[in-house]
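Student: I need the structure of the sequence given here:
(chains A, B, C and D)
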Number of protein chains: 2
Amino acid sequence: MHLFTKRGYAGTSLDEVVKRARVTKGALYHHFSGKQALFEAAFTQVETQSISSLTALITADGDPWETAVGGLRAYVRKCLEPEYQRIIVHEAPVVMGWERWREAEEQFSFGLLRTAVQLLVDAGEIEEAPVEIMARLLFGALSAGASTIASSSDPKRTGREVEGAILRVLEGLRKK
Amino acid sequence: MHLFTKRGYAGTSLDEVVKRARVTKGALYHHFSGKQALFEAAFTQVETQSISSLTALITADGDPWETAVGGLRAYVRKCLEPEYQRIIVHEAPVVMGWERWREAEEQFSFGLLRTAVQLLVDAGEIEEAPVEIMARLLFGALSAGASTIASSSDPKRTGREVEGAILRVLEGLRKK
DNA sequence: CACCGGTACGTACCGGCGGTATGTGAGATA
DNA sequence: TATCTCACATACCGCCGGTACGTACCGGTG
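Tutor: This is a model prediction of the structure:
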């Protein structure tokens, strides 16, 4: 996780990985079928750590709208952590291939967003809509927003702006 | 362009490139400083080809709202072309690094979106908003939408759904 | 206790790939 | 004609992912 975050997938050599882990290539290839599998293990680890608390946030009791907005804020913050940003948002689609990435995301971040959108629809907060599609668009917008924040010269201000913009988009979808 | 589209950056070897181009590595390294520079040349070529017609669409006379919607439709279609999808949307941020990619996109697709959003704001069609941020969110949503369409088992239907969802988001932002 | 199979590694090596150093022929220049 | 430069070609290097094979240990079995 550390090396993949710092140097990226292509920039991380297995020799360096085994050196840091103080094992040999034989050991690595005993536990993982290859570099790709090692990356996917890191991917799963980061996702598992990240998503569980967010899921709890989303599915908590209380006003559905406030809950959703809170979860959204938390997700944007998560996207700002270097590990999540680099491994999950930026590199995973390319390294794992889009199809496989999408598959894996079903049970993690994308599944989370879909749940959130579905809850809002069920609660009658937003108009009936194809949840699948809406969740994907929202996912893309959030990722882009997170990237923007991360590379901003004033992340705090940009963070507030991104939150404001997303809230405005959501408000636009809200039932009157 | 062909090989980068078909096999991706990592999967494309320079040996294969020079073989297809019927030149040698010496020739390649005479014209490009390395593999990365070759990719960036392909990137620029794809973008230059793609964006010019879209810019014309966006800046055309007529009802600003209709023009923007038309440009948006055209952009989604562009994102569906394999070359654009693979090289520009998926691989470029990783291969070029996010910072450099963002820099390059300023004069291409992102610049296009920002122009479109700015025109809508100027025409008083949507609420005042930080154009920069809105354009980035929209860009992320469109990219995700395009990826969804591209990997759908029924691209035509998914395409209509994505268009509908994006239009609904835009309508939500529209001034009454 | 000897034997044995399997697990969990370590070691040595291969092939491919990006990159470089150097050679070379054709044209421009003086 | 001698020289210089450009536009390549050729040969080679070092790194890296992956593999083949060797080996120490450990629990079960006769």
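Student: give me phi/psi at the most far-flung residue of chain A relative to its centre?
Tutor: Residue farthest from the centre of chain A, counting by CA atoms, centre = their mean, is A:Gly26 at 32.3 Å. Main-chain dihedrals, A:Gly26, degrees, to the nearest 10: phi -60, psi -50.
Student: Equivalent analysis for A:Gly124, please.
Tutor: Dihedral angles (degrees, to the nearest 10) for A:Gly124: phi 70, psi 20.
Student: count of residues packed around it?
Tutor: 10 (other CB atoms under 10 Å in any protein chain shown). Every residue, glycine included, has its C-beta placed from N, CA and C.
Student: residues in contact with it?
Tutor: A:Gly124 is in contact with A:Lys175, counting by CB atoms under 8 Å, 6 or more residues apart in numbering or on different chains.
Student: 10 Å instead, please
Tutor: Shown in contact with A:Gly124 (CB atoms under 10 Å, 6 or more residues apart in numbering or on different chains): A:64, A:175.
Student: okay, which residue is most central for chain A?
Tutor: Centroid-nearest residue in chain A, with CA atoms, centre = their mean: A:Ser109, separated by 4.9 Å.
Student: how much space between the nearest residue to A:Ala27 once chain neighbours are set aside and DNA strand D?
Tutor: Spatial nearest neighbour of A:Ala27, excluding adjacent residues (CB to CB, 6 or more residues apart in numbering or on different chains): A:Val18 at 7.0 Å. Note on A:Val18: its distance to DNA strand D, by CB to the nearest atom of the strand, to the nearest Å, is 9 Å.
Student: How confident was the prediction at A:Val18?
Tutor: Model confidence at A:Val18, given as pLDDT, is 96.
Student: Please apply the same query to A:His2.
Tutor: Listed pLDDT for A:His2 reads 96.
Student: list the helices and strands the strand or helix carrying A:Ala146 packs on?
Tutor: Assigned by DSSP states H and E, A:Ala146 falls within helix A:131-150. Counting contacts by 3 or more CB pairs under 10 Å, 6 or more residues apart in numbering or on different chains; DSSP states H and E, helix A:131-150 packs against helix A:64-80, helix A:98-105, helix A:109-122, helix A:155-173, helix B:98-105, helix B:131-150, helix B:155-173.
Student: These: which one's closest to DNA strand D?
Tutor: If you check each of the helices and strands packed on helix A:131-150 against DNA strand D by CB to the nearest atom of the strand, helix A:98-105 wins as the nearest, at 14.8 Å.
Student: ok, and what's touching stretch A:59-75?
Tutor: A:50-51, A:53-58, A:84, A:109, A:112-113, A:115-117, A:119-126, A:138-139, A:142-143, A:145-146, A:159, A:163, A:166-167, A:170-171, A:174.
Student: residues from chain A in reach of DNA strand D?
Tutor: Contact residues (CB under 7 Å from any atom of the strand) of chain A with DNA strand D: A:12-15, A:25-26, A:29, A:34-36.
Student: Among the residues you listed, which ones are in helices?
Tutor: A:14-15, A:25-26, A:29, A:35-36 (DSSP state H).
Student: near DNA strand C, which of these show up?
Tutor: Among these, DNA strand C is touched by A:25-26 when using CB under 7 Å from any atom of the strand.
Student: that older thread, which among the residues of chain A next to DNA strand D gets closest to A:Lys78?
Tutor: Nearest to A:Lys78 out of those is A:Thr12 (CB to CB; 22.5 Å).
Student: dump the residue contacts of the residue nearest to that closest one when sequence neighbours are not counted.
Tutor: Nearest non-adjacent residue to A:Thr12, counting by CB to CB, 6+ apart: A:Leu3, 4.5 Å away. Shown in contact with A:Leu3 (CB under 10 Å, 6+ apart): A:9, A:11-14, A:16-17, A:20-21, A:38, A:42.
Student: Quick one, which of those residues are buried?
Tutor: Neighbour counting by 16 or more other CB atoms under 10 Å in any protein chain shown classes A:9, A:12, A:17, A:38, A:42 among those as buried.
Student: Tell me which two of those residues sit farthest apart.
Tutor: Greatest spacing in these, by CB to CB: A:Tyr9 and A:Val17 (11.4 Å).
Student: Can you pull the residues that touch both of these two?
Tutor: Taking CB under 10 Å, 6+ apart as the contact rule, the neighbours common to A:Tyr9 and A:Val17 are A:3, A:35, A:38.
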